[in-house]
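1. structure of the sequence below:
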Amino acid sequence: MHKIYEAWTIDEQDFPGQGSPEDKLSFFARYAHLAPSSYNTQPWQFILNDNSLRLKMDRRFGLSVIDPEDRQMMISVAACLFILELSAAYYGYTLDIELFPNGEHTDTLAMIRLEGVCDPEEQTKQLFKGITKRQVNRYAYQPGPLAEDDLAALKKAAAQEGAWLHICTPTQRKTLLSMILEADQIQNTNKHFRREIASWLHVSRLISGDGMPQSYLSTDDIIRDNAPLAVRRYVIDGNRAASDSEMDRGCPVLAVLGSVSGSSDNRIKAGRAYMRVLLTAEARGIASSTLNQPCQVPETRLKIYDELGLQGRAQMVLRLGYPKHKPTQAPRRPFDSVLMQEADIPKMPTALTIETMANQSGITNWMKDIGKSFKGLFAKKPKG
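-> Sure thing, here's the model as predicted:
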């Protein structure tokens, strides 16, 4: 197995039951590293310190054009948080989680510590088993709707995390499909968008272990050609993107995942709900992928409320159905690249230390001498 897929092969038996709190939290983070993220950017970082784990948004992996406000980044990292808590519960632990909903200013989303012990519920066991199996399925699905009990389970999963999942009616599905195509066209004609997505589809991502590397597409192809991309729709005939007329056939169920508002704490709820919905879908044999274009374009985002009659903030659009093909496995960066010890993080010098360094090196006195020289040069000379 190539190293970019090794993250998916976690052995449950490796849990450090006799280890320190940091050992246990680090093990839970291995599962959290398997959370989904926009274009597989994996924008998270885990910092261990003094028996605690700090979950951070890693801004280096942001999408400045597609996600300028880091909304999707926060949702992705919140999905990490859900897996952390689920993994702990599976192994019989509860967590003390301190949220920082204003993480857009601090980068830290949550501070996590072991709190106590618990007996894992049956639902916890079922959802946990899906963590290492879940993959985004970008192939066409079986035609026809999902069973009513499956739909009810998915809606309940979102509600458990304080969010909502709206299943589109046949009429709403067609309306939403037209918005998806409209937003897709708007983004595809934006050269900055094309450049940004090209970097995450580049074949070199097979080395870094992130993104969605497409070996059959060159960067020039993506930047110069505004044709639809399979990773933003679904795949037909090996690697071809579904055309506008084919989109209806491969989207048997469309659902909108949303929250009460677009605030930071509601983004966290949406991210947790997204992860619970995906794992619930996995447990019930339901395939899923995202069609988030309408949520990324202001013009179409407003239409979602007006034309679908929704209340609150639409955070994501999900494509759901029973699978026809097995999904491909997404790469992952090495776990040691996202886990750090607080003590190993270089500290930025403060203004005081900079001044101290300057004094110790003699720079301050040298600058004073230069200042005196200039002052003497331009001083007025006495007459006479």
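2. from one end of stretch 39-46 to the other, what's the distance?
-> 20 Å (Cα to Cα, to the nearest Å).
3. return the distance of that stretch from the chain's centre.
-> Mean-position distance between stretch 39-46 and its chain equals 6 Å (Cα atoms, centre = their mean, to the nearest Å).
4. what lies in contact with it?
-> In this structure, residues lying in contact with stretch 39-46 by Cβ atoms under 8 Å, 6 or more residues apart in numbering are 26, 29, 32-33, 35, 37, 53-63, 66, 73, 76-77, 80, 197, 200-201, 210-212, 231, 330-333, 338-340. For glycine as for every other residue, the C-beta is placed from the backbone atoms N, C-alpha and C.
5. let's see which of the residues you listed end up in helices.
-> 26, 29, 32, 73, 76-77, 80, 197, 200-201 (DSSP state H).
6. residue ranges in the stretch 1-150 of the chain under the pLDDT threshold?
-> 103-105 (pLDDT under 70).
7. counting neighbours, what do you get for the closest residue to residue 76 other than its chain neighbours?
-> Spatially, and ignoring its direct neighbours in sequence, residue 76 is nearest to residue 37 (3.8 Å; Cβ to Cβ, 6 or more residues apart in numbering). When neighbours are counted by other Cβ atoms under 10 Å, residue 37 registers 20.
8. swap in residue 224?
-> Look at residue 224: counted by other Cβ under 10 Å, it has 12 neighbours.
9. any figure for the gap between it and residue 146?
-> 39 Å (Cβ to Cβ, to the nearest Å).
10. mind saving the C-alpha coords of stretch 64-80 as PDB?
-> In PDB, the C-alpha atoms belonging to stretch 64-80 read as follows (Å, rounded to 0.1, in the frame of the first residue of the first chain):
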ATOM      1  CA  SER A  64      -8.900  31.900  -0.700                       C
ATOM      2  CA  VAL A  65     -11.100  32.000  -3.800                       C
ATOM      3  CA  ILE A  66     -13.600  29.100  -3.200                       C
ATOM      4  CA  ASP A  67     -13.900  29.700   0.500                       C
ATOM      5  CA  PRO A  68     -12.700  33.300   1.300                       C
ATOM      6  CA  GLU A  69     -14.300  33.400   4.700                       C
ATOM      7  CA  ASP A  70     -13.000  29.900   5.800                       C
ATOM      8  CA  ARG A  71     -16.600  28.800   6.300                       C
ATOM      9  CA  GLN A  72     -16.000  25.400   4.700                       C
ATOM     10  CA  MET A  73     -12.700  25.100   6.600                       C
ATOM     11  CA  MET A  74     -14.500  25.500   9.900                       C
ATOM     12  CA  ILE A  75     -17.100  22.900   8.900                       C
ATOM     13  CA  SER A  76     -14.300  20.400   8.000                       C
ATOM     14  CA  VAL A  77     -12.500  20.900  11.300                       C
ATOM     15  CA  ALA A  78     -15.700  20.600  13.200                       C
ATOM     16  CA  ALA A  79     -16.200  17.200  11.400                       C
ATOM     17  CA  CYS A  80     -12.800  16.300  12.900                       C
END
